[in-house]
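Student: below: sequence and its predicted model.
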Amino acid sequence: MTTTPSFDGARGDLASGPVGAGGSPDTDERTTAVRALETEFGELFTHVRRLFTENANRLSPGLMPGSYKVFTTIARRGESTLSALAEALHSDKGQISRAVRELEELGLVRRTPDPADGRSSLLSPTPDGLERLRAVRAPRENSLLAALESWQVDDIRELTRLLHALSAAEAPE
């Protein structure tokens, strides 16, 4: 049995997955198409990493993109535990803890006791952190909308549906 790459949305990379036996023209065509898709994802990820780096520096000069991602995840969730963040971001608790400490020192995040578990803390964005994040995002807020302005709404919905299926490792319906 031969394998062809498949996208692992959680890790953001390609992994090998089984395809039918063969080396048939259909398999070769599929492999070529998947490799082209991998290239486009690579370009997209590079662009997103650059945007994260720029936004992190606008939020606080020298802030690492990983800490920015931790902060935006906390801001999106409203509040979260360190363990939940580590799980959501597929990172170890030590790395998340260091990022949270930095975010606290910058006044972007605060800790409060978790009423459900006295040994744990809830992390939440500060009002100042949310305001600074809004200011950072404002210049690019409509960039995706602008980039898709000439697209048909049905095409946007189809792309969304296909990306969801890919990230969930499901066949598109």
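Tutor: Alright, I've got the coordinates. Because the structure is a prediction, the values reported are computed rather than measured. Residues are numbered from 1 along each chain as shown.
Student: secondary structure element for Ser120, which one?
Tutor: strand 117-125 (DSSP states H and E).
Student: which neighbouring elements make contact with that strand?
Tutor: Under the contact definition 3 or more CB pairs under 8 Å, 6 or more residues apart in numbering; DSSP states H and E, strand 117-125 sits against helix 65-77, helix 82-89, strand 109-114. For glycine as for every other residue, the C-beta is placed from the backbone atoms N, C-alpha and C.
Student: out of those, which is the most enclosed?
Tutor: helix 65-77 (a mean of 20; mean count of other CB atoms under 10 Å).
Student: ranges for the helices of this structure?
Tutor: Using DSSP state H, the helices of the chain run over residues 25-59, 65-77, 82-89, 93-105, 127-137, 143-147, 153-167.
Student: least confident of those helices, on average?
Tutor: Among the helices of the chain, helix 143-147 carries the lowest mean pLDDT, at a mean of 86.
Student: how far does the strand holding Ser120 sit from the chain's center?
Tutor: How far strand 117-125 lies from its chain's middle: 23 Å, per CA atoms, centre = their mean, to the nearest Å.
Student: now stretch 165-173
Tutor: On CA atoms, centre = their mean, the centre of stretch 165-173 falls 17 Å from the chain's centre.
Student: ok, for Thr72, nearest residue in space, not its chain neighbours?
Tutor: Leaving aside its sequence neighbours, Thr72 sits nearest to Leu133 (CB to CB, 6 or more residues apart in numbering; 7.1 Å).
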